[in-house]
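S.K.: Generate a structure from the sequence data that follows.
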Amino acid sequence: MGIDITTRIEKLPHSFKMHSSMCLELKNLVDSIMSIFPDIEDARPGSSSGIQTLCLLNKALEKAKLLLQYCSESSKLYMAATGDGILSRGCRAKKLLEQSLSDIRSMVPTVLAIKITQIVQDLRSTVLSLEPSEEEAGKAVRELMQLSTSSPDEIRDFHFAALKLHLSTPEAIVIERRSLKSLFAKLGEREGDKRQVLKYLLCLLKKHEEIILRDNSFTQLQSVDDLVCASAVEAGCTDFNSSFSTESGTEVTDSTHREVEIGSLSSLLKMAESGADHLQEDAMNTLKSLSSSNEICLEMVFLGFDKNLTSLLQQIVFSKQSIIILRNLCNTEKGRVCITETPGCLASVAELLDSDVTEEQENAISILLQLCVEKIEYCSLVVREGVDIYSSLFLISNNGTEEAKVGASELLRALEEVDSNREEESSTLEGATTSQTVITPVKHQEPMLTTPSLKKSGLFGLRFPFSGRRKVC
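M.R.: Next up is the predicted model:
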């Protein structure tokens, strides 16, 4: 990747995705130089060689800053594969800084020259290097890139690299995918080789991300299972039995994964309902974290978590964790079905629209909006289950947080669409009856619900489309 030295970086990043030891060393050197750079400029090296050397120093600083920014934003997989090149860039930037400072030292006052001498010594004594774990990950990625076809070792090697690079959570994988796409978008057509590498890494990530997340969930749940047992024994709860861990050397199969998941989730749910305060809070926080995985959410649905969460949602101390878990369940189709079919669940969610806790209010809106976007039928359920839901949404759309305002307005538009459709159907039926053009009677399996029409208020000019799924950002 070429370096655009015309882009000036004013603030240095404080954290780095890759090569952090090298970047921190380089950052400390850049910070030292930047602290005296205004003094160097004020010294005004008047000769043509002095001006040229000052420009060279400025150029070296910008190259170092751009490298630091690159290591804070770029793709982990790509940086692992090109680690040697990044190290070379760092060494060249350090050498250029050392050279330009050495040249300018004789052109400034003595006091400033002494400071420059100290920084030059620091530059010479600093050794930049890559971290061993990142070198191992880079080697694994490069070996994968040399394979012309799929290899039996591909899963093992990619999984190894992903774990070394901490690509083991849904959030980390989403960030990595975005970074790869961002890099690809910045490349020109002439950089075909780099574009092919990025395409390949994107393909690998998409191909194996489910395996990575599944295995990470398995490891997490095994650890949870051990903690469950330890906490239960400590609390004197003898009914928390754990028999989900596999014996050493036993092959881990998909059914074993599922047994561990179901067993650990069941134990955590028992702890959450046990009445022991310290166990309950730990269990709920653990379940909240695990629910970020769609695979775990499906197991929660299988175990009937929606019924338990409906009950826990009504307990003030656990409503915050419960609504987040329900929101994550709502990301799956089966989860949405269970939420709408579980007695009292939608009503409990709607009650949190009036919560004083901002996060609870925002998550409740998110759940209801996801349901209304999914199916028109769900809108009717939301209106039927939510007591005075329109007043709550109007209040939030005017006085809530920015995120809550947007969600409440979208939800009101969704409900407005349903009301509008009902008015049109009603008008059509009345007109058909009056003109006596109805040939067959229309039968309704259940009475149509009457709700306040938002359309008449004139508050919202936009229409909410239901022709297909819509992703809410």
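S.K.: G50 sits in which helix or strand?
M.R.: helix 48-73 (DSSP states H and E).
S.K.: For the helix or strand just after that helix, report the contacting residues that lie outside it.
M.R.: Using DSSP H and E, the next helix or strand after helix 48-73 towards the C-terminus is helix 76-81. With contact meaning CB atoms under 8 Å, 6 or more residues apart in numbering, helix 76-81 is reached by 17-19, 71, 86, 134, 137-138, 141-142, 145, 161, 164-167, 176, 179-180, 183, 197-198, 201, 204-205. The C-beta positions use only the backbone N, C-alpha and C, and glycine is treated the same way.
S.K.: who touches the helix or strand that helix 76-81 is followed by?
M.R.: Once the chain leaves helix 76-81, the next helix or strand it forms, by DSSP H and E, is helix 83-104. With contact meaning CB under 8 Å, 6+ apart, helix 83-104 is reached by 3, 18-19, 22-23, 26, 29-30, 33, 40, 45, 50, 53-54, 56-57, 59-61, 63-64, 67, 70-71, 79, 116, 119-120, 123-124, 126, 128-130, 134-135, 138.
S.K.: Just give the number of residues close to C203.
M.R.: 10 (other CB atoms under 10 Å).
S.K.: For it, give its distance to A272.
M.R.: From C203 across to A272, the span is 40 Å (CB to CB, to the nearest Å).
S.K.: Tell me where the protein is predicted with low confidence.
M.R.: Scanning the chain for pLDDT under 70 picks out 1-10, 45-46, 148-152, 214, 216-258, 260, 275-278, 418-473.
S.K.: Let me see the domain layout of it.
M.R.: 20-130, 133-210 (automatic domain parsing).
S.K.: To I323, which of the ones you listed lies closest?
M.R.: domain 133-210 (19.1 Å; CB to CB).
S.K.: Just the buried residues of the helix or strand L371 falls within, please?
M.R.: Here L371 sits within helix 358-374, counting by DSSP H and E. Across helix 358-374, burial judged by 16 or more other CB atoms under 10 Å covers 360-374.
S.K.: Return the closest of these with respect to L112.
M.R.: Of the buried residues of helix 358-374, the one sitting nearest to L112 (CB to CB) turns out to be E362, at 54.3 Å.
S.K.: before we move on, what SS does I316 have?
M.R.: Following DSSP: H, G, I helix; E, B strand; the rest coil, the label given to I316 is coil.
S.K.: Use 55 as the first number for this chain going forward.
M.R.: Okay, residue one is now 55; in that scheme the one you just asked about reads as I370.
S.K.: Dihedrals phi and psi, it?
M.R.: The phi/psi pair for I370 (degrees, to the nearest 10) reads phi -50, psi -40.
S.K.: hmm, who's touching stretch 169-188?
M.R.: With CB under 8 Å, 6+ apart, stretch 169-188 has contacts from 72-76, 79-80, 83, 86-87, 90, 93-94, 134, 137-138, 141, 144-145, 148, 151-152, 155-156, 158-159, 162, 192, 218-219.
S.K.: Please point out which parts of that stretch sit buried.
M.R.: 169-170, 173-174, 177, 182, 184, 188.
S.K.: so how far is the next helix-or-strand element following the helix holding L425 off the chain centroid?
M.R.: Once helix 412-428 ends, the next helix or strand along the chain (criterion: DSSP H and E) is helix 430-439. Distance, stretch centre to chain centre, for helix 430-439: 30 Å (CA atoms, centre = their mean, to the nearest Å).
S.K.: by contact count, what packs against helix 430-439?
M.R.: helix 387-395, helix 399-405, helix 412-428, helix 456-488 (3 or more CB pairs under 8 Å, 6 or more residues apart in numbering; DSSP states H and E).
S.K.: Next, the angle helix 430-439 makes with whatever helix or strand comes next after it.
M.R.: Toward the C-terminus, helix 430-439 is succeeded by helix 443-453 as the next helix or strand (DSSP H and E). Angle of helix 443-453 versus helix 430-439, following axes from the mean of the first three to the mean of the last three CA atoms, to 10 degrees, is 100 degrees.
S.K.: ranges for the helices of the stretch 255-404 of the chain?
M.R.: Assigned by DSSP state H, counting those that start in this stretch, the stretch 255-404 of the chain shows helices spanning 308-326, 331-344, 348-356, 359-367, 373-383, 387-395, 399-405.
S.K.: JSON lines please, covering the ones you listed and showing mean neighbour count and distance to L465.
M.R.: Below are the helices of the stretch 255-404 of the chain laid out as JSON lines (neighbours: other CB atoms under 10 Å; distance: least, CB to CB, whole Å):
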{"stretch": "helix 308-326", "mean neighbour count": "20", "distance to L465": "29"}
{"stretch": "helix 331-344", "mean neighbour count": "19", "distance to L465": "24"}
{"stretch": "helix 348-356", "mean neighbour count": "20", "distance to L465": "22"}
{"stretch": "helix 359-367", "mean neighbour count": "21", "distance to L465": "19"}
{"stretch": "helix 373-383", "mean neighbour count": "24", "distance to L465": "14"}
{"stretch": "helix 387-395", "mean neighbour count": "18", "distance to L465": "15"}
{"stretch": "helix 399-405", "mean neighbour count": "22", "distance to L465": "11"}
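S.K.: Turn the ones you listed into CSV, including distance to E471.
M.R.: Shown next, in CSV, are the helices of the stretch 255-404 of the chain (distance: least, CB to CB, whole Å):
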stretch, distance to E471
helix 308-326, 37
helix 331-344, 33
helix 348-356, 28
helix 359-367, 27
helix 373-383, 23
helix 387-395, 18
helix 399-405, 19
